[in-house]
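Engineer: Predicted structure and sequence below. I'll ask about it afterward.
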Amino acid sequence: MGEAQESESADQKTEKTKDDIEGSITSAMRARVGHFKEQAECSLKS
């Protein structure tokens, strides 16, 4: 494999990892929306 191909492959892996991380963060945030709404409603009642 040439240097250009190795670099391109590494860039693709980095991009895939970045997408995986962003996807995980988005999923976690969506999973917590209900909890955040509940907290907000409780703080408004106080």
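Structural biologist: Cool, got the structure.
Engineer: Let me know the pLDDT of residue 6.
Structural biologist: In this model, residue 6 is scored at 62, pLDDT.
Engineer: Equivalent analysis for the one 4 residues further on, please.
Structural biologist: According to the prediction, residue 10 has pLDDT 79.
Engineer: Next, it: phi, psi?
Structural biologist: phi -60, psi -40 (degrees, to the nearest 10).
Engineer: and it, how many neighbours does it have?
Structural biologist: Close neighbours of residue 10, defined as other C-beta atoms under 10 Å, add up to 10. Heads up, the C-betas are built off the backbone N, CA and C, glycines and all.
Engineer: measure it to residue 18 for me?
Structural biologist: 12 Å (C-beta to C-beta, to the nearest Å).
Engineer: so the spatially most central residue of the chain is in which element?
Structural biologist: Centroid-nearest residue in the chain, with C-alpha atoms, centre = their mean: residue 22, separated by 2.2 Å. Assigning secondary structure by DSSP states H and E places residue 22 in helix 3-45.
Engineer: which stretches of this structure have low pLDDT?
Structural biologist: 1-8, 46 (pLDDT under 70).
Engineer: can you do 90?
Structural biologist: 1-16, 36, 43-46 (pLDDT under 90).
Engineer: mind listing what's buried in stretch 29-37?
Structural biologist: With burial defined by 16 or more other C-beta atoms under 10 Å, not one residue of stretch 29-37 is counted as buried.
Engineer: Using CSV, write out every CA atom in it.
Structural biologist: Output of stretch 29-37 as CSV, limited to C-alpha atoms (Å, rounded to 0.1, in the frame of the first residue of the first chain):
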residue,chain,number,x,y,z
MET,A,29,-29.0,13.2,24.5
ARG,A,30,-32.3,11.9,23.0
ALA,A,31,-32.6,9.3,25.6
ARG,A,32,-32.3,11.9,28.4
VAL,A,33,-34.8,14.4,26.9
GLY,A,34,-37.7,13.1,29.1
HIS,A,35,-35.5,13.4,32.2
PHE,A,36,-34.6,17.0,31.3
LYS,A,37,-38.2,17.9,30.7
